[in-house]
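> 3D model of this:
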Amino acid sequence: MPSTQKPMRYGHTEGHTDVCFDDSGSCIVTGGSDGDIRIWENLDDDDPKSINVGEKSYSFALKNGRLVSAISNNTVQIHTFPEGAPDGILTRFTTNANHVVFNTDGTKIAAGSSDFMVKIVEVTDCSQQKSFRGHDAPVLSLCFDPKEAFLASASCDGSVRVWKISDQTIWPLLQKCNDVVNAKSICRLAWQPKSGKLLAVPVDKVVKLYRRNTWENQCDLSDNFITQTLNVVTWSPCGLYLAAGSVDGCIAVWNVDTRQCMERIKHERSYTICGLAWHPKYGQIAYTDTEGNLGLIENVCDKDGKKLSAKVPSTVTKEYNDLFDGDDNDFLNGDLTELQSSPKVTANEEDDDDDLMLASGRPRHRAAILEDDENSLDTALMKVNSNLEGDEDDQADGLSVLPGSSTQRPFYDGPMPTPQQKPFQSGSTPVHLTHRFMVWNSIGIIRCYNDEQDNAVDVEFHDTSIHHATHLPNSLNHTMADLSSEAILLASESTEELASKLHCIHFSSWDSSKEWTVDMPEDEDIEAICLGQGWAACATSALLTRVFTIGGVQKEIFSLPGPVVSMAGHGEQLMVIYHRGTGFDGDQCLGVQLMELGKRKKQVLHGDPLPLARKSYLMWVGFSAEGTPCYVDSEGIVRMLNRGLGNTWIPVCNTREYCKGKSDHYWVVGIHENPQQLRCIPCKGARFPPTLPRPAVAILSFKLPYCQITTEKGQMEEQFWRSAVFHNHLDYLSKHGYEYDENAKNQAAKEQQELLMKLFALSCKLEREFRCMELAGLMTQNVVNLAVKYASRSRKLILAQRLSELAVEKATELAAAEEEEEEEDFRSHLNAGYSHSATEWSQPRTRILQNDQVEDSEEGDAAEEMEEMTAVQRHSKKYSEANKKDPTVPPGNVLDTMSKASKKTPASTSRAGNKQESPVLKPLIPKPKSKQALAASFFQSRTPSTGDKTMEEREEKAEKDVPETAAAATETIENKRPKTGFQMWLEENRGSILEDAPDLEETEIIKEGMSRFRMLTSEERMGWTEKAKGGTADSNSTEVKKRKRPLGASDEGRESQEEKSKEDLSLPRKRKPLDQPANVKLSAFAFKQS
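From the prediction side, this is the model:
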C-alpha cells in the first residue's frame, strides 16, 4: 500500500522550523523562528500547547522529559516537558547556536554555534563541558554516535568532522560558504540507530553512508526524483530505512540494504524541507518547511498494506484531539501482546546491536502474534519464524520457536473502531483554555476567564434591549453555558465534594427571585445543556435527558439510546445528538432525536442516523433563526433539515470552499434563512477563534451542491431548489400558529415561479418539450397559462395543447382544495361557537351531500342555478379574505368569516416593523373581536326567521306534489338564507355601481359597495339589517316580486360580471349563464307554492 501524504497545516511563522516526536510517539513537537515550541496531539490538533522559550528559536531537542533549545540570546536553555517550566541555562556562546542534539540516553547535549565552536555538556551538571575547535566557519549540524564514541558535525567551511577526544577525522564534502543563512544545505547528519555502524551525510543530491571506524564511503543513496540539494536526513527506528528531504520539497525514503527508493513524496508547494522526524513506533514521518508549516506522511514503507504494528497508529487514536476520551484507546491498543524480534545473527560485535529487543504488551492474552513491522530486519526470516508463542516465564529467557498451532489466535486485519466523540456545547471553545467562549449564538456571547486574577463569566447580548451585559462570579467552576432571550443556563461537573449542578438565571422573570439551582443525583454528571422558549434541558452521563420549566419546575425525563454528543433548543423544539453505536475507520455513528415540547408533544425524528462526511465528526448543532434544525461537521459541510422531503438532511453550504489555506476553518455562530446568511468567524490555522482580540463575524452565502453549477440551467435549478428549501420554514410556522411574513412567502413563490418560467423558456429553445412538461408540473395554474402562451408563440402546438390540459387539471385541483378548505373552516368555526347542540348549522356535511345529489341529477336549469350560487359563495369567500386584510372592516356573520384567521395582527405587524432583524417566533394571536359581536353574528346566522319558517312549510307542501323539483328549489332557498344587510343592499344597488364603473370585477364591486355602505347613516344600515332578518311577510312578498320581475339591463350586466369573475377564479367546470326561462320557471313555481 503506498504511503499517504496528509495536507500540510500552519504551524509557525516563516523561518526555519524543527520537528520531532516525543519519546512515546504520542505527540508531535515543533519549534519555529517565532520562539514557540508547540506540542501537537496530531496533525488536526487546532489547539496545540505552546511553550515560549525566547524571542527566536534556532533549534531544539527533546529527550526524557527535558526540552533543550538554542535561542537568540546566544544561550542553550533547558525546560521541563510538557509543562514548559524553565530549568536553567546549559551553556553560552558568543553568537547564536545553530543546532542542539541529545545523546542516546539523554544525559548529554551537543551544540554547534556560529562562532565555529562545538560543545558537549552534561545535562545534570552543566559545569562538565567539552569544547571542540577545528571548523573554520559556523557549525551547521551535529549528530551523536549511538554508542557515544563519536560526534559528527557539518560546517559552512564545507567539511564534515567526526570528533573523538584524541582523534578527529575530516571529510571535505560540502560546498563552502561564509554563514549559515548562505549555506545551500543545513546538512543534518544522522547515525544509524542502535548500532551506529553507518553515518548518513546529505551531500548535494545524494546521501553518502560512511562505515564506522574505517570511515570509508560504503555507498551512496540517490534517485532521479531528487533534483535539488538534500537538506536533512533521518533514519527509521529499526535502522532499515533512511529518509531525506531536499531544498525543493522532495522527500525520498530508501531501503538501505537494497539501496532501492521505496517512497517519493513531493511538498505541495515545493518549500524547503528543514525538519524530518520518524515516529518511534509506526510508519509515519513528520516534516516541516521553512515557511513554518507542518506535514505528516503515513504508511511509509508499508508493502503488505498492513499497519506496521498491531496497535492503531496515533493518527487514528488521536485523530480527534480532545474530542475523544483517552480511555477509548485502551481497548484498541492492549488486547494483543506484541512481540518484536528477529533471529540472532552471528556476526561481528557491531551487528549484535542490530538485534531488536522484545517489547511485550499487556499479558492479557498468552498467544502472541509476530507481524511484519518497521523493527524487522529481514522479512524472509520473519516468515519462517512467524509462529511464536510467548509465556511470561519465557520472556526472561528468550523465545522458543514452536510449530504452527491451530489454537493460535488469528490476527484481526479488518476495519478499526473509531473512538467516540466527547460531548460538547455548540459555539464553545475547548474547556482547558484559561480564556474561552462558553457559548456564542444569535442572542449573545458568554466568555469564561479562569486565571490567577479572576474566575468569572461575562455575558454580552447582541441586542442590549433584551438585557444589559452581566459579569458573574464563577465560584462553582461552570464549564457549560447556553443563552436565550429569557435566561442564562450554566452547568458544572461534579467534584469529590460537590454534585453536578444546573444553574439558571431567569432574567426575564417578573418576580424578584431570578435564579435557581438543581443538584444532579450522585454519580450523574451533566454533559450537555440547552434552552428553549419557556423550558431548559440537560443530558447527563446516566443517559437521561431532564427537562425543566424556565422557572425551575422539573418536567419530563426520558432515556437516550446512547451517550450524548450535543443538544440544542429553539422555541418548542429540542434536538439531541447521541452515539447510536461504534463507528469504524474514522467514521462516527451518531443518531438524532427531534421533539416538540409544546402543548401537543410529539417526536419528529425518532433516533434517525445523522449523516456526516467520511472520517469527520460533529462540530456545531443548532437551529436557524427561523427554527429549522442544522448542523456542521469537521469537513465544513453545513446541513439543514428539509421538511419538504420527509425530514431529510440536505447540504446547503461547504465552508471549506471559502477557506484560503488547508489549515484554515470557519467557526459557525448562527444561521439565517431569510435573508440567507451563514454567520461564522474565520480562523487562520485553527478551528476556533481566540477571545482577544474580539473576532470579526463573516457572512457566507449558501450553495446547494447541484451538478453543472457553471451552466445557466444548473444555476437556475440550484436557485429554485435553494429558494424552496429555505422557505419551508414558512409552512412550518403557519402550521404551528407562529407569526411570519406573508410578503416574504409571496416574494419567494414569485421568485420560484420566475425561475421555473426561465427554465421553461430555456428548454423550449433547446427543443426539450418533455422537459417543458416536467417543469410545468411544478408551476402554479397562472404560470402554466403563461407557459401556454409562450409555447403558442414559439409554434409548439402539441406542447401548447398538453399544457392547456395541464392547466385545466390544476384548476380542478385548486377548486377542489378551496372547497375542502371552505368546509374545514366552516366546521371549525361552528365547533368554536357557543352552542354544540345538533342544529342544522352544526351539520354542514348533510347539505354538501344534498348539493352533490342535485348536481348529479342535473335537473335542468335548477341545477345550473345551484352551481351559480356556489360561485357566488366563492366570491363572498374572496371578499371575506379581503376584509380580513383590512382590519377596519367589521366582520359580518359566520359565512363571512369562513376563511382561516390571519396569522398576523396589526399590533404584531407594528411590533415586527420596529426591529429590523431576523424573524422572531411568537405565539399565534387571534383576530381581535368582541364577544358580543361574535355572539350576535352566530345568533343571527342560527336563528330561523318567520319568513324562513313560512318557506319550510311551503317546501313540505311542495314535496308532496313535485318531489324532485321541490328538492332543488328547497336547496336554492336554503342557500339564500344566510344573508347580511350589506348583501341585500348590494343586490339592490349593484346596477348603480356598474353604471358608474362598468369595468369593475366582482371583488372590486364588493369593495366599492362596502365603501358606499359605510357612508349610509346608522339608521339606514340598521334598517337593512332588520330587512335581512326577514321578520315580516312583506320581505317574502318583495322577494317573490323580485323573482317575477323580468331581467333588466342591470341584471344582464351583473350576470356578465359574475361570468367574468368565474373565469378569473379558474373554476373546474365552465358554468353556463342562467337564461331567462329558467328564472321565470323557478319564480313562477315559488309563487304558486305561496
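> could you list the domains of this protein?
As given by the TED database, the domain ranges for the chain are 4-298, 435-708, 751-817.
> quick one: low-confidence parts of the stretch 901-1050 of the chain?
Within the stretch 901-1050 of the chain, the stretches with pLDDT under 70 are 901-978, 1030-1050.
> returning to that earlier point: and the domains of the chain, which is most packed in?
Mean neighbour count (mean count of other CB atoms under 10 Å) peaks for domain 4-298 among those, with a mean of 20. (Glycine included, C-beta is placed from N, CA and C.)
> which of the three states applies to the closest residue in space to residue 753 that isn't next to it in sequence?
Distances taken as CB to CB, 6 or more residues apart in numbering put residue 783 closest to residue 753, at 4.7 Å, once the chain neighbours are dropped. Here residue 783 is helix, with the state taken from DSSP: H, G, I helix; E, B strand; the rest coil.
> how close does residue 783 sit to residue 447?
Distance, residue 783 to residue 447, using CB to CB, to the nearest Å: 52 Å.
> and residue 646, by the same measure?
Where residue 447 is concerned, residue 646 sits at a distance of 41 Å (CB to CB).
> quick one on the thing from earlier: from residue 798, how far off is the residue nearest to residue 753?
Taking CB to CB, one finds residue 783 at 20 Å from residue 798.
> residue ranges for the strands of the stretch 501-650 of the chain, please.
For the stretch 501-650 of the chain, the strands defined by DSSP state E, counting those that start in this stretch cover 501-505, 515-519, 526-531, 535-540, 544-549, 554-559, 564-570, 573-579, 590-596, 602-609, 618-623, 629-633, 637-642, 648-654.
> hmm, residue 689 is touching residue 669, no?
No - contact criterion CB atoms under 8 Å: residue 689 and residue 669 do not qualify, at 9.7 Å.
> any residues in contact with both of these two?
Jointly contacting residue 689 and residue 669 under the rule CB atoms under 8 Å, 6 or more residues apart in numbering are residue 681.
> output the below-cut-off pLDDT ranges for the protein.
1, 165-181, 302-409, 827-978, 1030-1090.
> how about 80 then?
1-2, 165-183, 302-411, 452-453, 821-979, 1028-1090 (pLDDT under 80).
> look up how far residue 611 lies from the residue nearest to residue 708 when sequence neighbours are not counted.
Using CB to CB, 6+ apart and skipping the chain neighbours, the partner closest in space to residue 708 is residue 714 (3.8 Å). Between residue 714 and residue 611 the computed distance is 23 Å (CB to CB).
> again with residue 654
14 Å.
> grab the CA positions of stretch 665-673 and hand them over as PDB.
Extracted as PDB, the C-alpha positions of stretch 665-673 are listed here (Å, rounded to 0.1, in the frame of the first residue of the first chain):
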ATOM      1  CA  HIS A 665     -11.600  26.900   9.100                       C
ATOM      2  CA  TYR A 666     -14.800  28.800   9.700                       C
ATOM      3  CA  TRP A 667     -16.400  28.700  13.200                       C
ATOM      4  CA  VAL A 668     -20.200  28.800  12.800                       C
ATOM      5  CA  VAL A 669     -22.100  31.100  15.200                       C
ATOM      6  CA  GLY A 670     -25.500  31.400  13.500                       C
ATOM      7  CA  ILE A 671     -27.700  30.500  10.500                       C
ATOM      8  CA  HIS A 672     -30.400  32.700   9.000                       C
ATOM      9  CA  GLU A 673     -32.900  31.500   6.300                       C
END
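> outside of that stretch, which residues touch it?
Applying CB under 8 Å, 6+ apart, the contact partners of stretch 665-673 are 46, 427, 440-442, 619-620, 622-626, 628, 630, 632, 636, 638, 640, 655, 658-659, 677-683, 686-689, 695, 697-698, 700, 726-727, 729, 918.
> what about 7 Å?
Applying CB atoms under 7 Å, 6 or more residues apart in numbering, the contact partners of stretch 665-673 are 427, 440-442, 620, 624-626, 628, 630, 632, 636, 655, 658-659, 678-683, 686-689, 697, 700, 726, 729, 918.
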